[in-house]
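>>> Here is the input, now give the coordinates:
(chains A and B)
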Protein chains: 2
Amino acid sequence: MPSRIRVPQFHMIHITDSLFGHYVDLVAEKMIPYQWDVLNGKGEYVRSHCIDNFKITAGELEGEHKGVVFGDTDAYKWLEAVAFCAMNGRTEYIPVADELIRLIGKAQQSDGYLNTYYTVVHPEQRWKNLREGHELYSAGHLFEAAAAYYQATGKRELFDIACRFADLLCQVFGQAKNQLKGYPGHQLIELALIKLYKVTDKESYLELSRFFIDIRGSQPNYFLEEMERDEHRIFPELNDYTPPYSQSHMPPIRQRTVEGHAVRATYMYSAMADLAQIYHDDELKEACKCLWENMTTRRMYITGGIGSSGLLERFTTDYDLPNDRMYCESCASIGIMMFGQRMASLCRDAVYYEAVERALYNTVLAGISKEGDRYFYVNPLEVWPANCMDHTTIHYVKPVRQPWFDVACCPPNIARTLASLGQYICAVDDKSLFINLFISSEMEIVLNETSVKLRLENELMQGGRLKITVCTDGKKAITVRLRVPSWLEGIAFYSGCERIRPAIENGYAVLAVNREGEQSFELSGQVPARLMAVNKNVRADVGKVALTKGPFVYCFEEVDNGENLATLRIRTDGKIKEAGPSKELPGNLPMLKVPGERIVSTIGQEELLYAPPRFEKKDEELSAIPYCMWGNRKNGEMRVFLDADY
Amino acid sequence: MPSRIRVPQFHMIHITDSLFGHYVDLVAEKMIPYQWDVLNGKGEYVRSHCIDNFKITAGELEGEHKGVVFGDTDAYKWLEAVAFCAMNGRTEYIPVADELIRLIGKAQQSDGYLNTYYTVVHPEQRWKNLREGHELYSAGHLFEAAAAYYQATGKRELFDIACRFADLLCQVFGQAKNQLKGYPGHQLIELALIKLYKVTDKESYLELSRFFIDIRGSQPNYFLEEMERDEHRIFPELNDYTPPYSQSHMPPIRQRTVEGHAVRATYMYSAMADLAQIYHDDELKEACKCLWENMTTRRMYITGGIGSSGLLERFTTDYDLPNDRMYCESCASIGIMMFGQRMASLCRDAVYYEAVERALYNTVLAGISKEGDRYFYVNPLEVWPANCMDHTTIHYVKPVRQPWFDVACCPPNIARTLASLGQYICAVDDKSLFINLFISSEMEIVLNETSVKLRLENELMQGGRLKITVCTDGKKAITVRLRVPSWLEGIAFYSGCERIRPAIENGYAVLAVNREGEQSFELSGQVPARLMAVNKNVRADVGKVALTKGPFVYCFEEVDNGENLATLRIRTDGKIKEAGPSKELPGNLPMLKVPGERIVSTIGQEELLYAPPRFEKKDEELSAIPYCMWGNRKNGEMRVFLDADY
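So this is what the prediction gives:
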């Protein structure tokens, strides 16, 4: 049996990519300070009560707990981002983080329990509203932050806090008679316990994770019973609670279609993939494969967005992918990255990174402004600012990025994801280094007792070239396994200057690194701009096309194409031209120009609403920029899909 | 100054129309008995608590008040429908109605107050939550029912109940120091008070109506102050209340765009038109004209539906007319009928009946099943049953008509509207009989001291002929003013067999009736099936066309065209053919056949979600039925607009 594929322990990693480097630098330089201000109630536009809640719980401040029940998670995600930045050599905020950790420790109860809301506001409600109270979800973010912080700094304080809480959970939840048979309303703790387990080797953490997955969805439904037992309600929109919302409609191992709240779903599927790998559980693996298949071939946007319904932020049904009223939460696309990373590891197959890349390069990156201080929660494929009105059906769709949110999961989630990009770029097993994403970077790891320095230089989008330079101490031979992306054409590999024809295994080109010193490889090919159409069952997009180049989906903005993008039509036989990058946008990515048409009249009488058709059109060249950059120049309309002249 | 145009007092009216006759007969034969059962908690599928609430309030039953705060209105609308049926000679339910009126009288408080919810549940909250409590809205329906019942039967009981309540309102509300300066959260009472005024000539009722319109929207906003005064809340979705929702953002006389909840809006505009006419108020008239213009040329669907947002059932912005997530409530289209009827009267112009007809023939009629016992609340222009899921953004869109609703305004509203169709077919002034809608019928009225019998025989949709037979006692000369519809081509008029060329005044052909005995006129012309396109600013419909014939909008159903209507495309240069009516549908209306295409493939690989375009299509003849009939055969997809081959 081949050795397990896992996240590498980087000794050093530095993202040098012209696109991602920009955003990763923003995390340390802008997002962490900006978000720290927000969490401390010092934001210019928004004031979170997050740190004050910890102070109140710790007895260091008088006052009322404010904000959502799961507000603590903002601090944990911030800490996790600080930890990942420290791994990248950016340690400026470590002293601040240490002080926050001290405060968190003081807010922890003597039995290990840690949750500012329940401790201060409703201590009598502890564990009584698992479906809405999110104590376990909050614990999950604590555990993730603790594992990252320990790995980054070697400091144990947060880790010990987490383990004390985890130990309490192992007493409270379980199959024994006196234990609770409940599970989280919002999943995450399952995968977070596995992270703790991997650092501590404590089986009880792994077993608790497995317990939460195994007990979920058993009959009678725990959450429905809970609602009958207790009248306490937190979210009015959940008065009419149905189990598929939280994937508790049947045991996860029997689930075959992705249902309910998209973030909860992908976090749970990620844990399922972890457990399938650790336990060698083929039944659980089969469930994961079916869920992945259903999600990526029936319920995922071309941008790697998921969640077709704004109400309850959830999956709907196969092929239901409306462009303007969907949710496509930034966090849900992060969930795809987490799930896909684990599936690639579980199945040893590069194909899963196609969707990870799609999610990261499009929806996740779109979630943050080029300056790093404005965020999308919802990522539409079609926006007409005039109809994005409060108090209407699509009130949740914002045509411009926002400074913060009442439920502020996305901004710190994007920060921690960008700060930990290395784990998505590379994976390792005992002898191989897997390169999964083509993001220029430099890193140092130890693999098979061998010190490895790796440099990725990606110019695939600019000229069709990816250079890999590996330098080892030559102790043992290692293998670099380079994902071969579906969007690259005319592929050729070189070792030094020599053309090579490496074996392709499970979507990876196998490159032998068998001597001390520097070896360089090159992958070359073309990344043509391509039109993409959609399966005809997707009612919303029949007859439409989107423009792509490599992993990037492009979009059309009003600032480049004038108002009313609904009147534009792409000529499918036209030649797509590349133009220089917009100077206003980071990343050095080309703009695309495509021949098209503009409908200048539909009825010929502009004062009327309805009249017999009198369609008039004129030729026009249409301009597109990468979707991840939209809304960074001027407020206006945006569309990914345009009508085609099929 | 010409005499006022008004609703005629029919001595007799009988709808003989093959289409409308079917539905009008259903009101007396099916809807009134069906709804009576529902209101009495005896429905097969649904049980309203409406009558029980009156019994409890009257002290005839022990129990709890149940159902929505404005549940009483269901009984009032039912009574109004019974009254209108009685005017049409269907008096079967009068004894039952009399018994209900007795009960209502017993539920009335000694000071005249009448509202089962507030009397039983929250007597201390009387008039304290005008924005949500709907006491005035409920009173409005009582007043409308009372006026109709009195006019139909001459019986005074309900009328006296209404006047006692109205007299109380005149004491409670007004400009005097000790009076409330409030106004209804849900308008209706304004026009209902005018109806009471017209029967009683009591100026105080008229003045109270004017007061409600004049005080509305003054600053500071009454409803916002009310929310601060009192913490009692009824509708959770209104926690974040904004004045445009209830048209209280500025005084109605200054409003120029239609905003907020569409039913409230049109009911208020109707009263404004009434008041503008009665008071000869040109400023108010100008507001009405602007609002009508904004609604019909920017914010109304081709089906005569309004309310582009499902959330809060409201108008959004100009040209925002999405096909699948809108509201288009049946009651809102009834509101268009009410507003348009009054505007035609106020402006003496037939043009307003174009929209009245559009609303009635399409959305209002679609609101009821061919059997009369199933109803649409929401009237979409595009339905894919698979994605009309509970707990998702468009949960409110139902792909099949429902037996009843928790908020059950639509079914009895449709019933009372169909039962009083005469008021929309005809209007009178001192010397003229206006024929506004072409619905086969027979009627008797007295006009200018002259007894008039009128028979309309409409075959415009079947052969292009409308016959009018008038018989008078010859006492005085009268004029028949026949609306000339925009959709009729090649128009010719005949008096007897002789071609005539009548004057056309304000959209009406002026036909002199100047002798005793029978005179007959004929209007002939062609009603071609036509494609209609939409103003290009309507993003949702650029490049699409709908099929129409006369006032009827047609639609494409899955039962006739197979699944996935998004793949269909209409050839704009094709010849539209008429086919015989479907035997399964009432009304004897032709089906239409139009040459088109079906996209059979978009990407050529049906297992994929996204791939480069490979569009394949084949020619196909597409079949359409009138929109008002959709969903009467088989559950499935439906679309009004299809892509055109522009």
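>>> So which residues of the stretch 201-350 of chain A form strands?
Taking DSSP state E, counting those that start in this stretch to define them, one finds no strands in the stretch 201-350 of chain A.
>>> Of all the residues in it, which one is nearest chain B?
Using Cβ to the nearest Cβ, the point where the stretch 201-350 of chain A gets nearest to chain B is residue A:309, with a distance of 3.7 Å. Every residue, glycine included, has its C-beta placed from N, CA and C.
>>> so what pLDDT did that residue get?
Looking at residue A:309, its pLDDT stands at 98.
>>> so what's the closest residue to it other than its chain neighbours up against?
Counting by Cβ to Cβ, 6 or more residues apart in numbering or on different chains, residue A:309 lies nearest to residue B:392, which is 3.7 Å off, once chain neighbours are set aside. The contact partners of residue B:392, by Cβ atoms under 8 Å, 6 or more residues apart in numbering or on different chains, come to A:308-309, A:311-312, A:314, A:316.
>>> The residue of the stretch 201-350 of chain A closest to chain B and residue A:327 touch, don't they?
Yes. Residue A:309 is within contact range of residue A:327, at 6.4 Å (criterion: Cβ atoms under 8 Å).
>>> so residue A:142 sits in a helix?
Yes. Residue state for residue A:142 (DSSP: H, G, I helix; E, B strand; the rest coil) corresponds to a helix.
>>> Can you tell me the number of residues neighbouring it?
By the measure other Cβ atoms under 10 Å in any protein chain shown, the count of residues near residue A:142 is 29.
>>> so who does residue A:243 touch?
A:217, A:221, A:223-224, A:249.
>>> residue boundaries of the helices in the stretch 251-400 of chain A?
When assigned using DSSP state H, counting those that start in this stretch, the helices of the stretch 251-400 of chain A occupy the ranges A:262-279, A:282-298, A:330-347, A:352-358, A:365-366.
>>> Serialize those helices to JSON lines and add fields for mean neighbour count, distance to chain B and mean pLDDT.
What follows is the helices of the stretch 251-400 of chain A, written out as JSON lines (neighbours: other Cβ atoms under 10 Å in any protein chain shown; distance: least, Cβ to the nearest Cβ, whole Å; pLDDT from 0 to 100):
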{"stretch": "helix A:262-279", "mean neighbour count": "26", "distance to chain B": "12", "mean pLDDT": "98"}
{"stretch": "helix A:282-298", "mean neighbour count": "19", "distance to chain B": "5", "mean pLDDT": "98"}
{"stretch": "helix A:330-347", "mean neighbour count": "26", "distance to chain B": "14", "mean pLDDT": "98"}
{"stretch": "helix A:352-358", "mean neighbour count": "24", "distance to chain B": "9", "mean pLDDT": "98"}
{"stretch": "helix A:365-366", "mean neighbour count": "27", "distance to chain B": "18", "mean pLDDT": "98"}
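>>> Please produce CSV containing those helices, extended by distance to residue B:12.
CSV is the format used below for these (distance: least, Cβ to Cβ, whole Å):
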stretch, distance to residue B:12
helix A:262-279, 62
helix A:282-298, 61
helix A:330-347, 65
helix A:352-358, 70
helix A:365-366, 67
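>>> Can you get me the centre-to-centre distance for stretch A:435-447 and its chain?
For stretch A:435-447, the gap between its own C-alpha mean and the chain's C-alpha mean amounts to 19 Å (Cα atoms, centre = their mean, to the nearest Å).
>>> Can you give me the end-to-end span of it?
End-to-end distance of stretch A:435-447 (Cα to Cα, to the nearest Å): 14 Å.
>>> quick one: buried residues of it?
In terms of neighbour count (16 or more other Cβ atoms under 10 Å in any protein chain shown), stretch A:435-447 has its buried residues at A:435-441, A:443, A:445-447.
>>> possible to save these as JSON lines with distance to chain B?
As requested, those are exported to JSON lines (distance: Cβ to the nearest Cβ, whole Å):
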{"residue": "A:435", "distance to chain B": "24"}
{"residue": "A:436", "distance to chain B": "20"}
{"residue": "A:437", "distance to chain B": "19"}
{"residue": "A:438", "distance to chain B": "20"}
{"residue": "A:439", "distance to chain B": "23"}
{"residue": "A:440", "distance to chain B": "27"}
{"residue": "A:441", "distance to chain B": "28"}
{"residue": "A:443", "distance to chain B": "32"}
{"residue": "A:445", "distance to chain B": "35"}
{"residue": "A:446", "distance to chain B": "40"}
{"residue": "A:447", "distance to chain B": "35"}
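>>> Need the max-distance pair from the residues you listed.
A:438 and A:446 (23.4 Å; Cβ to Cβ).
>>> For the spatially most central residue of chain A, which residues are in contact?
Centroid check for chain A by Cα atoms, centre = their mean gives residue A:334 as the closest residue, at 0.9 Å. The neighbours of residue A:334, taking Cβ under 8 Å, 6+ apart as the test, are A:359, A:364, A:413-414, A:417.
>>> if you set the cut-off to 10 Å instead, what comes out?
With contacts defined as Cβ atoms under 10 Å, 6 or more residues apart in numbering or on different chains, the neighbours of residue A:334 are A:263, A:266-267, A:359-360, A:363-364, A:367, A:409-410, A:413-414, A:416-418.
>>> Then residue A:391?
With contacts defined as Cβ under 10 Å, 6+ apart, the neighbours of residue A:391 are B:237-238, B:240-242, B:244-245, B:260, B:309, B:311-312, B:314, B:316.
>>> Which members of the residues you listed are classed as buried?
For the contacts of residue A:391, a burial check counting by 16+ other Cβ under 10 Å picks out B:238, B:241-242, B:244-245, B:260, B:309, B:311-312, B:314, B:316.
>>> Backbone dihedrals for residue A:240, please?
The phi/psi pair for residue A:240 (degrees, to the nearest 10) reads phi -100, psi 50.
>>> now do residue A:393
According to degrees, to the nearest 10, residue A:393 has phi -50, psi -40.
>>> hang on, it packs against residue B:378?
No. With contacts counted by Cβ atoms under 10 Å, residue A:393 stays clear of residue B:378, the gap being 11.4 Å.
>>> So the closest residue to residue A:562 other than its chain neighbours, which state does it fall into?
Excluding the flanking residues, the one nearest residue A:562 by Cβ to Cβ, 6+ apart is residue A:598, at 7.9 Å. At residue A:598 the chain is in strand, as set by three-state DSSP.
>>> Run a quick neighbour tally on residue A:598.
Neighbours of residue A:598 (other Cβ under 10 Å): 18.
>>> And for the one 5 residues further on?
Residue A:603 sits with 19 neighbouring residues when counted by other Cβ under 10 Å.
>>> residue contacts, it?
Counted by Cβ under 10 Å, 6+ apart, residue A:603 has contacts A:609-615, B:532-536.
>>> what residues go with each domain of chain A?
A:12-425, A:427-526, A:529-645 (automatic domain parsing).
>>> related to what we said a few turns ago, buried among the contacts of residue A:603? Make that a PyMOL selection.
Buried residues among the contacts of residue A:603 (16+ other Cβ under 10 Å), as a PyMOL selection:
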select buried, (chain A and resi 609+610+611+613+615) or (chain B and resi 532+533+534+535+536)
